[in-house]
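Chemist: output the structure for:
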Amino acid sequence: MNYFKLSALTVILPCAFTSALTQAETLSLGASVLYAQSPYRGGQDRYLPIPIINYEGDSFWFRSLQGGYYLWKDQQDQLSLTLVGSPQKYDPKDNDHSDMKALDKRRMTLMAGATYRHTAEWGVVRTALLGDVLNNSNGIIWDLTWLYPVKLGQLTLTPGIGALWSSANQNRYYFGVSDHESTRTGINSYDPDDSWNPYVELNASYQLSTQWNATVSGRYTRLSSEVKDSPMVDRDDQVSVWTGISYSF
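Modeler: Purely as a prediction, here's the structure:
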């Protein structure tokens, strides 16, 4: 059984898929579509087709946009080294406003670090600490979430609440406006600090058959003042929805 995880702002960071401890050597393949509101002024909402490729082994795991190596794994606790592909970006060509079109491009990146998950009767705690390894943002994020799975026959509902911390470098790269950008565009320069973005999420997983599984996940995020005060941003919240279907071998 897999639970989608969507993170604030970065949409899929840090864990595109998180799962309960599954049997060793399992493989799932499928397809999914992600919808994410753009936080940027004049930005376009995104629909991203993403293949589902989930593998769970004794030592290694892979879940679509992320993979890792277990340092510790039992029924209650899993700790792993993790690599995550972050699709967060800003492309000036996709913006509707002339001043925003003249800003610099913000690129997607690869992040690495550690993820931890603890399962108990009172719910699941998951957390991840990750940093940019491609020298794009040179930023760090820390995500912390509490989830409570509820089994209803073939349907599993998992509400959750959490928060995403982003370092100053992370915010400056994706939401800051440099002096040279300000001079070129007329947009006020902006130098944000680190931030906390709280969110609530709901994940639903339905077992269609022994091998087919359908999932949908939604997240609502309140943007911190460090983000929403950026002249690049024109909203104070963000909604993301991810839906897909997979086949387990």
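
Chemist: helices of the protein, start to end?
Modeler: Taking DSSP state H as the test, the helices found in the chain are 98-101, 168-175, 179-185, 225-228.

Chemist: columns mean neighbour count and distance to residue 195 on top of these, output as JSON lines?
Modeler: (C-beta placed from N, C-alpha, C; glycine too.) JSON lines is the format used below for the helices of the chain (neighbours: other Cβ atoms under 10 Å; distance: least, Cβ to Cβ, whole Å):
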{"stretch": "helix 98-101", "mean neighbour count": "15", "distance to residue 195": "21"}
{"stretch": "helix 168-175", "mean neighbour count": "23", "distance to residue 195": "6"}
{"stretch": "helix 179-185", "mean neighbour count": "13", "distance to residue 195": "20"}
{"stretch": "helix 225-228", "mean neighbour count": "19", "distance to residue 195": "4"}
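
Chemist: in JSON lines, list those along with mean pLDDT and distance to residue 207.
Modeler: Listed next are the helices of the chain as JSON lines, based on pLDDT from 0 to 100; distance: least, Cβ to Cβ, whole Å:
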{"stretch": "helix 98-101", "mean pLDDT": "95", "distance to residue 207": "44"}
{"stretch": "helix 168-175", "mean pLDDT": "97", "distance to residue 207": "37"}
{"stretch": "helix 179-185", "mean pLDDT": "96", "distance to residue 207": "50"}
{"stretch": "helix 225-228", "mean pLDDT": "96", "distance to residue 207": "38"}
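
Chemist: quick one: which of those is nearest residue 26?
Modeler: Closest approach to residue 26 among those (Cβ to Cβ): helix 168-175, 33.4 Å.

Chemist: could you list the single helix or strand in this structure with the lowest mean pLDDT?
Modeler: Least confident element among the helices and strands of the chain, by mean pLDDT, DSSP states H and E: strand 2-4 (a mean of 37).

Chemist: distance of the closest residue to residue 239 other than its chain neighbours from residue 47?
Modeler: Residue nearest to residue 239 in three dimensions, not counting chain neighbours: residue 37, with 5.2 Å by Cβ to Cβ, 6 or more residues apart in numbering. Taking Cβ to Cβ, to the nearest Å as the measure, residue 37 and residue 47 are separated by 11 Å.

Chemist: okay, the two: which has more neighbours?
Modeler: A direct count of neighbours by other Cβ atoms under 10 Å for residue 37 and residue 47 places residue 37 higher, at 17 against 9.
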